[in-house]
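Asks: Structural data only, the sequence is not supplied:
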């Protein structure tokens, strides 16, 4: 088997045609250095400071992976208490009031109904405001959580089982779903699949609350197989129709799942080769028996953590196929426990191959959270940051469709690049592009801590040598020392000799963050 040569720095992409390591055997512990630890933190989380990267290097590969994957051992702060009652169904008293209003006539009727409408509109407005609060809470959680992989996986499942508040219109249900993803983040995929057909937000989003015997709605059955578990080509139209019957009666009342037997179709069904009076749980069980399901989950994990697949490079496609096959076998043998597959991937020689490093386009969330976590910038106005993420194409809790976000190259276009650059200016300086912010200078970015940590990581770095400072900053921020804008950086560094080092490095970071390479991790 090909054994990789892992360098201490990556100055260029892997050579075209070079064979990519396809082994899921563990990387030699001696080859786990600063660049490998940096890569692990960016992919299994949202990046880290120089100090955090150095900590992983000291721990070594196995302890680092265990720390990230076994995150439940790390204490985290509880979620805040949000209001579960804003969009509750009308109480018995409110229903009687509405019925009485409808029986009225003339001005009295209009006045009474208007009062009910205003009360509903106020509740909807309050709920939209709470959804905004939950959005900002989750962004802050991703920035500050000591469990980065848990948040990264929660984001993965949010995009995988995509559900939008725009349709659900209940912030508490969206929060409940987010908490379910967090609970099962690295747990058992089967538990999550059983959970999603009971989830009020998903049931509302795909209209399964309207699915009943004699009038089955096919939305949830179709997406359960196509997008959530098997993929196109691994089921037939008959499976969708029969699956929809199995899911009739799967609904919710208030905040709780309800199996409505009166509206459930209890007839015999044949789904994916299974026969009998199947319900929704039996439908999920039939899905989980298919080998295609473990392969589908392995593909999702690989694409999210290792590299966008399929790739334009055939060598990477071939290697990825083999690795995905190994991960699928691990998932199947563990009965859909995700931790064994995650550890296999994060320990593997393939994961650290140079061809996979610095090749994944950062999502807007990865860009924002990664910048704050790795550079340790002040946490700016979260409302503005959420707005910017939406303009960059990733409005959390508002995925564009049931397919989630396309990711990859879809994140990058002329408009989103402009927002990305402006956002980095805001994170590093506190200044808004539309003009000077009078509060911006209250908490400027301080590069001195990063420089001190870089001196530990790169003893050869000298503050009196602009080239060595540029090398160190580039290795930390983009993982290579020869980006497309290196000449401009060197000229800037030489012109800044003798000036305030903190301001110099901050301006250098502004130049680096505008480079194409900074959009990758």
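Replies: Arrived safely, thanks for sending. The shown structure was predicted, so the numbers you read here are calculated from the model rather than taken from an experiment.

Asks: Need the contact partners of the host helix or strand of residue 490.
Replies: For residue 490, the element it lies in under DSSP states H and E is helix 486-495. Helix 486-495 is contacted from outside by 466, 467, 469, 470, 474, 483, 504, 507, 508, 511, 512, using C-beta atoms under 8 Å, 6 or more residues apart in numbering. From N, CA and C alone the C-beta is placed, and that goes for glycine too.

Asks: can we see that at 6 Å?
Replies: 466, 470, 511 (C-beta atoms under 6 Å, 6 or more residues apart in numbering).

Asks: Weed out the non-buried ones from the residues you listed.
Replies: 466, 470 (16 or more other C-beta atoms under 10 Å).

Asks: re earlier: in the helix holding residue 490, what counts as buried?
Replies: Buried, per 16+ other C-beta under 10 Å, within helix 486-495: 486, 489, 492, 493.

Asks: what kind of secondary structure is residue 380 in?
Replies: Using DSSP: H, G, I helix; E, B strand; the rest coil, the structure places residue 380 in coil.

Asks: Now tabulate the buried residues of helix 486-495 in JSON lines and tack on distance to residue 516 and pLDDT.
Replies: Compiled in JSON lines, those are given as follows (distance: C-beta to C-beta, whole Å; pLDDT from 0 to 100):
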{"residue": "486", "distance to residue 516": "12", "pLDDT": "92"}
{"residue": "489", "distance to residue 516": "14", "pLDDT": "93"}
{"residue": "492", "distance to residue 516": "18", "pLDDT": "93"}
{"residue": "493", "distance to residue 516": "20", "pLDDT": "89"}
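
Asks: and of these, the nearest to residue 390?
Replies: Set against residue 390, the nearest of the buried residues of helix 486-495 by C-beta to C-beta is residue 489 (31.2 Å).

Asks: which helices and strands does the lengthiest helix in the chain pack with?
Replies: When the chain is scanned for its longest helix (criterion: DSSP state H), the result is helix 106-144. Packing contacts for helix 106-144, counted by 3 or more C-beta pairs under 6 Å, 6 or more residues apart in numbering; DSSP states H and E, involve helix 92-103, helix 171-183, helix 364-375, helix 382-391.

Asks: Return the angle between stretch directions for the second one and helix 106-144.
Replies: What that stands for is helix 171-183. 20 degrees (axes from the mean of the first three to the mean of the last three C-alpha atoms, to 10 degrees).

Asks: Helix 171-183: what's the following helix or strand?
Replies: As assigned by DSSP H and E, the chain's next helix or strand after helix 171-183 is helix 189-196.

Asks: One more: the last one?
Replies: From helix 382-391 onward toward the C-terminus, using DSSP H and E, the following helix or strand is helix 414-429.

Asks: If you count neighbours, what's buried in that next one?
Replies: Buried residues in helix 414-429, counting neighbours by 16+ other C-beta under 10 Å, are found at 416, 419, 420, 422, 423, 424, 426, 427, 428, 429.

Asks: Could you dump those residues into TSV with distance to residue 238 and pLDDT added?
Replies: Listed next are the buried residues of helix 414-429 as TSV, based on distance: C-beta to C-beta, whole Å; pLDDT from 0 to 100:
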residue	distance to residue 238	pLDDT
416	42	97
419	46	97
420	46	98
422	51	95
423	48	96
424	51	96
426	53	94
427	52	94
428	56	94
429	59	90
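
Asks: Give me the nearest residue to residue 329, chain neighbours excluded.
Replies: Leaving aside its chain neighbours, residue 329 sits nearest to residue 294 (7.6 Å; criterion: C-beta to C-beta, 6 or more residues apart in numbering).

Asks: Mind pulling up the pLDDT for that neighbour?
Replies: pLDDT, residue 294: 98.

Asks: Just give me the neighbour total for residue 206.
Replies: 24 (other C-beta atoms under 10 Å).

Asks: for it, what are its contacts?
Replies: Here residue 206 is in contact with 219, 220 (criterion: C-beta under 6 Å, 6+ apart).

Asks: Please tell me how far it sits from residue 184.
Replies: Counting by C-beta to C-beta, to the nearest Å, the gap from residue 206 to residue 184 is 19 Å.

Asks: Sitting in helices, which of the contacts of helix 486-495 do you find?
Replies: 466, 470, 511.

Asks: any chance of those residues in TSV, with pLDDT and distance to residue 62 too?
Replies: Below are the ones in helices among the contacts of helix 486-495 laid out as TSV (pLDDT from 0 to 100; distance: C-beta to C-beta, whole Å):
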residue	pLDDT	distance to residue 62
466	89	38
470	94	34
511	96	38
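
Asks: rewinding a little: tally of neighbours for the residue nearest to residue 329?
Replies: 24.

Asks: Quick check: it vs residue 178, distance?
Replies: Counting by C-beta to C-beta, the gap from residue 294 to residue 178 is 25 Å.

Asks: Same check on residue 263?
Replies: 28 Å.

Asks: Counting neighbours around each, name which of these two comes out higher.
Replies: Legend: neighbour count by other C-beta under 10 Å for residue 263 and residue 178, higher for residue 178 (23 against 19).

Asks: Break this structure into its domains for me.
Replies: The chain breaks down by automatic domain parsing into domains covering 30-69, 364-442, 448-519.

Asks: Centre of the chain to stretch 364-373, how far?
Replies: Relative to the chain's own centre, stretch 364-373 is displaced by 11 Å; criterion: C-alpha atoms, centre = their mean, to the nearest Å.

Asks: can you tell me how far residue 268 sits from residue 282?
Replies: 11 Å.

Asks: More neighbours: which of those two?
Replies: Taking neighbours as other C-beta under 10 Å, residue 268 and residue 282 compare with residue 282 leading, 16 against 11.

Asks: ok, now which ones touch residue 153?
Replies: Residue 153 touches 185, 186, counting by C-beta under 6 Å, 6+ apart.
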